[in-house]
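Asker: using only what follows, build the 3D model:
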Amino acid sequence: MASASRGRLLSFVLLFLFTWPSSQQGTDTLTTDNSVVTNPPLTNAPTDPPVVVTSQAPLPTTAVPTDATELPENTDLGPCICDLTVNGCDVNCCCDPDCTTDDRNTFSECIEDTNVVDERLCIQSDIIFLENTPETVDTSNPSLFCIVTDNFEERNYYTIPQTVETVERFEELTDQYGDTSYAAPPYQNETYADFYKSGDAIYTIYESLSLGVVGLPAPLHTSECEDGNPASYLYNEGTECVRRISNLQDQCQGDPALSALSYYTGFKIVTTPSFLQDFSPPDPRLVNMTETPTVRPTPTTDPNTTNIPIPTTFPDNDSLYDSLELLEITVREPVLCESTLGVHIPCNFDGGDVPTPEYNSTSGICEYILKEVNYYITHNGTNGIMDAEVQLVLGSHSMDGLSLTQFFSTSFIKFDEVDVFERSGNPGYVIGEPLMAGNLVQLAEPDGIIKKSIELGNDRNNWLTIVKGTADGTCVTDADSRTPVTFGEDVRSGCTIRVSYENVSNICEFIQASALNALTGQMPEYVAMFGNSAVEVVGDWVPIIVDDLLGLPSSPSSGTCINMVMALHIEVLYANVGSLANPQAKVIGVRYNYAEGKILKYHCSGAYCQVGADSLTQSFEVASSVGFVETSDYPEAVLAERPSFDSKLPNDFFYPFTFGSSTRLQLDVRLLYVLICCYVVVYVQSWDIRL
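Answerer: You can find the predicted model right below:
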């Protein structure tokens with residue numbers, strides 16, 4: 001067997017030597033160093049001179065002028081995305097450069113996200129992906145070994161517990177393993193800080209010296225208003241809820257929640273909670289109670305002294321209620337009244353006083369009922385509240401059993417902030433913020449240069465809008481009462497146009513003009529790419545693409561209009577840019593896409609189309625919709641090609657089977673004959689042994 005193995009080895013060596021080239025023309029040969037030498041062709045043909053490639057500077061070109069802001073690649077574009085207010089401090093945004101140290105002291109937290117992107121980040125070894133299989137993984141002692149035989153199976157089972165029969169043992173186990181209780185926590189005396197912080201309730205003092213908070217009624221478990229919900233300091237909030245009206249005549253003048261006076265009279269705002277540190281409020285009492293409230297003395301806080309109530313002298317009600325630390329809420333003029341179409345107009349009350357609700361027994365309508373309450377609170381950081389105003393909207397209600405919808409909001413204004421502008425993102429758009437849209441204007445400078453910019457409206461809710469219906473469903477013609485288009489929120493809104501049979505065929509063009517006016521409103525020309533695009537940089541605004549209307553409306557027969565455009569779809573294309581860990585939304589295109597023209601036909605049903613029904617009206621819907629389409633181009637992983645390995649062997653690697661110079665190897669034929677003879681001898685001997 002050993003001889004056979006040796007014979008096979010010699011056979012392999014001989015086969016390798018015979019296949020080794022002794023000479024090549026124009027090919028690479030092995031060298032003794034780490035380089036490859038190319039032999040020139042063994043011909044007399046002239047060779048071309050070597051081509052020398054040199055790098056040259058590119059020819060100068062004229063750059064295409066553009067006003068658009070260039071975005072750097074592979075860069076996080078949103079280092080402080082919570083800074084949404086120009087020249088104003090954003091609440092709990094610690095990276096906002098407009099916030100002073102005094103402002104940051106009023107913050108309860110920092111809401112900016114810190115995104116650390118590092119490709120060298122490793123996944124922790126104890127992270128396990130679980131699936132719905134019976135196998136389990138134990139990582140308590142990670143190593144290269146695993147358990148094959150378990151000779152201590154008891155550790156896989158619970159011990160049998162003993163029944164608890166005594167209170168002492170019960171408490172011992174609950175103290176050791178913990179306990180969950182839904183009992184109310186023990187009462188503790190409320191403490192008051194030196195100043196308000198974001199999210200704190202805003203304290204109020206009533207005329208009865210009872211302590212309260214500024215309320216912001218909101219729906220909690222149902223859509224009904226919960227008056228115990230407090231307004232949060234520095235947080236701009238808005239809530240909408242309903243009031244159940246079961247008996248309008250009694251509730252109109254008897255329910256304080258329906259009166260505007262309940263939300264700004266009978267109490268004052270505590271400008272700073274430090275005012276309450278030396279004041280212990282009495283038990284809650286109604287404002288209209290005539291008896292003098294009993295003031296509870298402040299208990300001592302010395303741990304070495306027994307808590308014995310000590311009479312404390314407080315100023316009388318009038319002097320305490322007139323303290324400079326308490327602030328009245330003033331009414332912002334004008335007080336608005338809501339019309340039957342849902343439009344807000346000035347009320348113009350005689351004498352300027354806000355009336356209480358009044359029930360008209362003849363018409364069965366409750367007038368001057370409260371519809372909206374908007375608080376505007378001016379603050380100065382840790383120095384507290386400096387001013388408070390309320391904007392009121394009144395209306396009428398005319399039916400028992402019909403719910404009344406009310407709206408409440410709070411807005412906080414910094415005392416020393418001027419020219420404040422609220423962005424829709426920094427830089428990328430924030431979901432729920434309105435799209436910035438405006439028109440292109442050109443202004444001539446004194447030196448004759450024409451300067452272009454975008455004219456942006458003051459009301460951010462009127463930048464880009466869609467149609468909105470009134471209380472009875474008809475289209476709103478007021479530009480300030482339309483629905484704003486907010487980023488990332490697909491929405492559909494509609495209203496109705498009412499026409500009679502005699503007008504359907506006669507005023508088709510007028511109906512079409514009314515529908516287009518409701519659909520487009522004050523249509524802007526440009527939309528900002530980012531939520532913080534500057535109006536001076538026109539290149540950062542994309543023009544709105546408006547489709548052409550195909551054909552004109554006409555009336556081929558009585559009671560019919562054809563080719564009527566009654567719907568509009570606004571398409572917004574956007575893409576995320578910047579870091580994958582902190583994407584910033586950029587709008588790249590906006591299109592007004594009108595629906596195809598349809599037929600408006602007067603339908604005969606019931607009393608319609610009967611004798612004398614020419615003046616009866618029918619409703620035709622006008623609808624607008626908004627859709628956002630993401631077109632982000634995500635990066636793809638690029639892998640390098642597999643490396644190639646060049647085999648470079650020394651010249652004497654196959655010695656003594658070859659000989660030659662360092663650049664060319666040749667086979668020694670004499671040695672080859674000797675090897676063949678040896679192979680034959682060994683092969684014959686191995687054959688004899690087998691026999």
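
Asker: all strands of the stretch 151-300 of the chain, in order?
Answerer: Here the stretch 151-300 of the chain has its strands, by DSSP state E, counting those that start in this stretch, at 203-206, 211-213, 218-219, 225-226, 237-243, 267-270.

Asker: which of those sits closest to residue 508?
Answerer: Residue 508 lies closest, by C-beta to C-beta, to one member of the strands of the stretch 151-300 of the chain: strand 237-243, at 39.0 Å. C-beta here means a position set from N, CA and C on the backbone, and glycine is covered the same way.

Asker: which residues does the closest one contact?
Answerer: For strand 237-243, the surrounding residues in contact (C-beta atoms under 8 Å, 6 or more residues apart in numbering) are 216-219, 223-226, 229, 231, 255, 257-258, 403-410.

Asker: ok, of the residues you listed, which come out buried?
Answerer: Among those, those classed as buried by 16 or more other C-beta atoms under 10 Å are 216-218, 225, 229, 231, 255, 258, 404, 406, 408-410.

Asker: gap between residue 580 and residue 73?
Answerer: Here the distance between residue 580 and residue 73 works out to 13 Å (C-beta to C-beta, to the nearest Å).

Asker: out of those two, which sits in the busier spot?
Answerer: residue 580 (12 against 7; other C-beta atoms under 10 Å).

Asker: between the buried ones among the contacts of strand 237-243, which is nearest residue 547?
Answerer: Nearest to residue 547 among the buried ones among the contacts of strand 237-243: residue 409, at 37.4 Å, using C-beta to C-beta.

Asker: check contacts around that closest one.
Answerer: Residue 409 sits next to 216, 236-239, 372-375 when contact means C-beta under 8 Å, 6+ apart.

Asker: now do residue 257
Answerer: Residues in contact with residue 257 (C-beta under 8 Å, 6+ apart) are 217, 225, 227, 243, 370.

Asker: assess the claim that the third one and residue 217 are in contact.
Answerer: Same thing as residue 227. Yes - here residue 227 reaches residue 217: they are 5.0 Å apart, a contact under C-beta atoms under 8 Å.

Asker: which parts of the stretch 501-650 of the chain are strands?
Answerer: Along the stretch 501-650 of the chain, counting by DSSP E, counting those that start in this stretch, strands occupy 526-528, 541-546, 560-564, 567-577, 584-594, 598-601, 617-630.

Asker: neighbouring strands of the fifth one in the sheet, and parallel or not?
Answerer: Read that as strand 584-594. Its sheet considered, strand 584-594 pairs with strand 541-546 (parallel), strand 567-577 (antiparallel) by DSSP bridges.

Asker: repeat for the first one
Answerer: Paired neighbours of strand 526-528 in the sheet (DSSP bridges): strand 437-444 (antiparallel), strand 541-546 (antiparallel).

Asker: give me the buried stretch members for the first one, please.
Answerer: Looking back up the chat, that one is strand 437-444. 437-438.

Asker: after it comes which helix or strand?
Answerer: As assigned by DSSP states H and E, the chain's next helix or strand after strand 437-444 is strand 450-455.

Asker: quick check: angle from that following strand to strand 541-546?
Answerer: Taking axes from the mean of the first three to the mean of the last three C-alpha atoms, to 10 degrees, strand 450-455 and strand 541-546 form an angle of 70 degrees between their directions.

Asker: contact partners of strand 450-455?
Answerer: 438-445, 526, 528, 535-536, 538, 541.

Asker: what's the burial count for residue 159?
Answerer: Applying other C-beta under 10 Å, we find 6 residues neighbouring residue 159.

Asker: tell me the pLDDT of it.
Answerer: pLDDT, the model's per-residue confidence, is 81 for residue 159.

Asker: how about the one 10 residues further on?
Answerer: Residue 169 is assigned 89 on the pLDDT scale.

Asker: using CSV, list the CA coordinates for stretch 246-253.
Answerer: Only the C-alpha atoms of stretch 246-253 are listed here, as CSV (Å, rounded to 0.1, in the frame of the first residue of the first chain):
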residue,chain,number,x,y,z
SER,A,246,-82.0,68.4,27.3
ASN,A,247,-84.1,71.5,28.3
LEU,A,248,-83.0,74.5,26.4
GLN,A,249,-85.3,77.0,28.2
ASP,A,250,-83.9,76.0,31.6
GLN,A,251,-80.3,75.5,30.6
CYS,A,252,-80.0,78.7,28.5
GLN,A,253,-79.9,81.0,31.5
